[in-house]
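*Asks:* give me the fold of what follows.
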Amino acid sequence: MRILFVCLGNICRSPTAEGVMRQKLAKAGLGQRVQVASAGTGDWHVGKAPDTRTQVAARQRGYELAGQRAQQVKAADFDHYDLILAMDHANLAQLERLRPTANQTPVALFLRYTGGPVDDVPDPYYGGSQGFEQVLALIEAGCDQLVAELGGQP
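*Replies:* All right, here's what the predicted structure looks like:
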């Protein structure tokens with residue numbers, strides 16, 4: 001199975017989800033069965049590493065994101081991935097506009113896996129360090145639920 005996490009610029013939320021999910025899949029013994037990646041709907045940061053603040057917050061919780069590089073989602077991704085998860089409603093709408101006609105790849109909000117009252121993972125880019133911590137907490141909860149759904153232990 002192949003999962004793509006998508007946010008706006010692919011330097012904060014979606015690379016965090018990719019890194020967290022990759023580690024949780026490995027711990028659950030699913031690392032060989034499920035592949036993950038991330039992309040952004042915008043092209044501003046293509047080729048760049050995740051935001052420094054994102055990397056610091058992730059590293060403090062044991063996740064390493066430094067090796068990732070931003071990329072932009074493309075129409076071909078709908079044929080390559082089995083599940084595409086958007087970090088918020090705006091990116092979900094952009095993905096639906098980009099979706100090739102007749103493509104049936106499931107596209108959903110990432111936080112549907114938490115069962116909580118929040119739908120969107122907020123973009124921490126213009127805020128302080130607390131925003132990056134909040135994003136990590138939401139993403140960890142969502143990844144735990146997703147791993148459980150895929151057959152691993154959260």
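*Asks:* and the strands in the chain, which stretches?
*Replies:* 2-7, 35-40, 83-86, 107-109 (DSSP state E).
*Asks:* let's have these in TSV, adding distance to residue 140, mean pLDDT and mean neighbour count.
*Replies:* (C-beta placed from N, C-alpha, C; glycine too.) Output for the strands of the chain, formatted as TSV (distance: least, Cβ to Cβ, whole Å; pLDDT from 0 to 100; neighbours: other Cβ atoms under 10 Å):
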stretch	distance to residue 140	mean pLDDT	mean neighbour count
strand 2-7	13	98	25
strand 35-40	14	98	23
strand 83-86	15	97	25
strand 107-109	16	95	17
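*Asks:* need these in CSV (columns: distance to residue 97).
*Replies:* Shown next, in CSV, are the strands of the chain (distance: least, Cβ to Cβ, whole Å):
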stretch, distance to residue 97
strand 2-7, 13
strand 35-40, 15
strand 83-86, 12
strand 107-109, 11
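*Asks:* these: which one's closest to residue 145?
*Replies:* strand 83-86 (11.6 Å; Cβ to Cβ).
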